[in-house]
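Peer 1: show me how the following folds:
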Amino acid sequence: MSRIMGLDFGSKTVGVAISDPLFITAQGIEIIRRKDENHLRQTLSRIEALIEEYEVTEIVLGLPKNMNNTMGVRAELSLDFKEKLERRTGLPVTMWDERLTTVAADKAMMEAEIRRENRKEYVDMIAAVFILQGYLDFRRNSGKE
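Peer 2: The predicted structure is shown next:
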């Protein structure tokens, strides 16, 4: 049963979400903590282990564009990470506009009454869920399955 992985790539963490085998829903599974922004070996190694564990055949990576649709430093770093992911895993990586996913994740946690000091802990994983769910919905609605 293949699945799709969603990633929210940040300077300190990478939020990870995984689809169900039918590609309908996204669930958050992990937050990979990065010790150093410039060293990705451990991060890529953990992603590879999750790819194997969940039989992932495709990756969706959040693209943090600016609100005016331009590409900033974080977007450039994400595109660089995309290349590293493709080289290392051999899987296709689709970039997905992630504007407002962190805001939506924060709002969802507020509605779930998660305390403010605990929200930072989960925001990247929940943002990864929003990124992947947006992609899954688009895929289903455009008949791309």
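
Peer 1: residue ranges with poor pLDDT in this structure?
Peer 2: Applying pLDDT under 70 to the chain flags residues 37, 100, 102-103, 109, 119, 144-145.

Peer 1: let me see the ranges of the helices in it.
Peer 2: 41-54, 73-89, 101-111, 116-141 (DSSP state H).

Peer 1: format the ones you listed as a markdown table; extra columns: mean neighbour count and distance to Thr25.
Peer 2: In short, each C-beta sits where N, CA and C put it, glycine included. Formatted as a markdown table, the helices of the chain follow (neighbours: other Cβ atoms under 10 Å; distance: least, Cβ to Cβ, whole Å):
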| stretch | mean neighbour count | distance to Thr25 |
| --- | --- | --- |
| helix 41-54 | 15 | 14 |
| helix 73-89 | 15 | 23 |
| helix 101-111 | 17 | 14 |
| helix 116-141 | 19 | 7 |
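
Peer 1: want to throw these into TSV with distance to Phe23?
Peer 2: Converted to TSV, the helices of the chain look like this (distance: least, Cβ to Cβ, whole Å):
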stretch	distance to Phe23
helix 41-54	13
helix 73-89	19
helix 101-111	19
helix 116-141	6
